[in-house]
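Undergrad: Please work out how this folds:
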Amino acid sequence: MAKKPQPPRKLDEWTALVRERFPAMSPQFQIGARHLIDFPADVPVQSMRRIATAAGVQPATLVRLAQSLGYEGWDDMRQVFVRSMHQMPRRYAEQAQEVVRRRSTRGALGRHVTAQVGNLRLLEEQNNEKLSVVVEVLQRARHVHIAGFRASHAPAYTLHYLYRLFRNSVSLLRGDAGLLEMELRSLQRGDAVVIIGFAPYSREGLRVAEAAQERGCRIIAICDSEVAPVARHAEAALLFSTETPGFFPSSASAMVLVEVLASRLLSKAGPRAIDALGLAEEQLHRSGAYLEPTPATTSSE
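TA: Next up, the predicted model:
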């Protein structure tokens, strides 16, 4: 009789298993698995009921999810998170929220500031180790294509604008007037494709990921979850949180993340990039793109 395979006992192996099985999971399992992947530090210190409430599923769903992955139950799977707890970076979100709450009003502005500080604090925890990998991939690429649609267009455009200041072989996949399929023809092996997106995910973003994979491009995702559709196609994913008390997911931390990425790319590229940046800035001034400062006037005594 064949011995029953043992489920993963390390968090990175557990995450890899969940990502592999995620597309075939039921919708409720997907919701629960996504929450566990995105908030692993909560699992060792919070009750299953509280985690289920935060995820928006029933506690029984987490039990069945654990069993579907080969564990005896929730407690057995929870030990994976407990053992890896000492390796996890410290969560700053709740601490940051309390600090801001004490120093701000109780009104809407204060709630928004609190949420954004929490989102920004998470950027370092989620991406510090992965940034160097992403920078290396993009620097080695023959050409870098950047895509982000609907609400994700703003951070995609910002990354494209900043990167083009010191590198010419960067382009933005826009998909205007239904021309996305035509733009995708330019993807070639040796290129890198950066796809930015958050839930609800755009069909265009997934189409870009599929085309990039078909053409042998290296794919980088900048998204809100390890199990976002584009992340499942990517070799590396930079994460940002979209939490907000407002009516629409926030892209503020995504903007900060792409600014940091652009700075790291400039630093990695070295003196040639600095020269290119200086030349671009000089050309913008010569072309009249910027308004000249108004001379200060002095009044006579």
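Undergrad: list the contacts for residue 168?
TA: Contacts for residue 168 (Cβ atoms under 8 Å, 6 or more residues apart in numbering) come out as residue 276. From N, CA and C alone the C-beta is placed, and that goes for glycine too.
Undergrad: got the phi/psi numbers for it?
TA: phi -80, psi -30 (degrees, to the nearest 10).
Undergrad: Over to the one 4 residues further on?
TA: Recorded main-chain torsions at residue 172 are phi -110, psi 120, according to degrees, to the nearest 10.
Undergrad: how close does the nearest residue to it once chain neighbours are set aside get to residue 152?
TA: The spatial neighbour of residue 172 that comes closest, neighbours along the chain excluded (Cβ to Cβ, 6 or more residues apart in numbering), is residue 160 at 4.2 Å. Computed as Cβ to Cβ, to the nearest Å, the residue 160 to residue 152 distance reads 12 Å.
Undergrad: buried residues in stretch 59-79?
TA: Residues of stretch 59-79 classed as buried by neighbour count (16 or more other Cβ atoms under 10 Å): 59, 61, 62, 63, 64, 65, 66, 69, 71, 74, 77, 78.
Undergrad: Only the C-alpha atoms, please, for the helix or strand containing the last one, written as CSV.
TA: Okay, so that is residue 78. Applying DSSP states H and E as the criterion places residue 78 in helix 74-84. In CSV, the C-alpha atoms belonging to helix 74-84 read as follows (Å, rounded to 0.1, in the frame of the first residue of the first chain):
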residue,chain,number,x,y,z
TRP,A,74,-6.9,23.5,11.0
ASP,A,75,-4.5,23.0,14.0
ASP,A,76,-2.2,20.7,11.9
MET,A,77,-2.0,23.3,9.1
ARG,A,78,-1.6,26.1,11.6
GLN,A,79,1.6,24.6,12.9
VAL,A,80,3.2,25.5,9.5
PHE,A,81,2.7,29.2,10.3
VAL,A,82,3.7,28.8,13.9
ARG,A,83,7.0,27.2,13.0
SER,A,84,7.8,29.9,10.5
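Undergrad: And it, what does it pack against?
TA: helix 11-21, helix 59-68 (3 or more Cβ pairs under 8 Å, 6 or more residues apart in numbering; DSSP states H and E).
Undergrad: All set, thanks.
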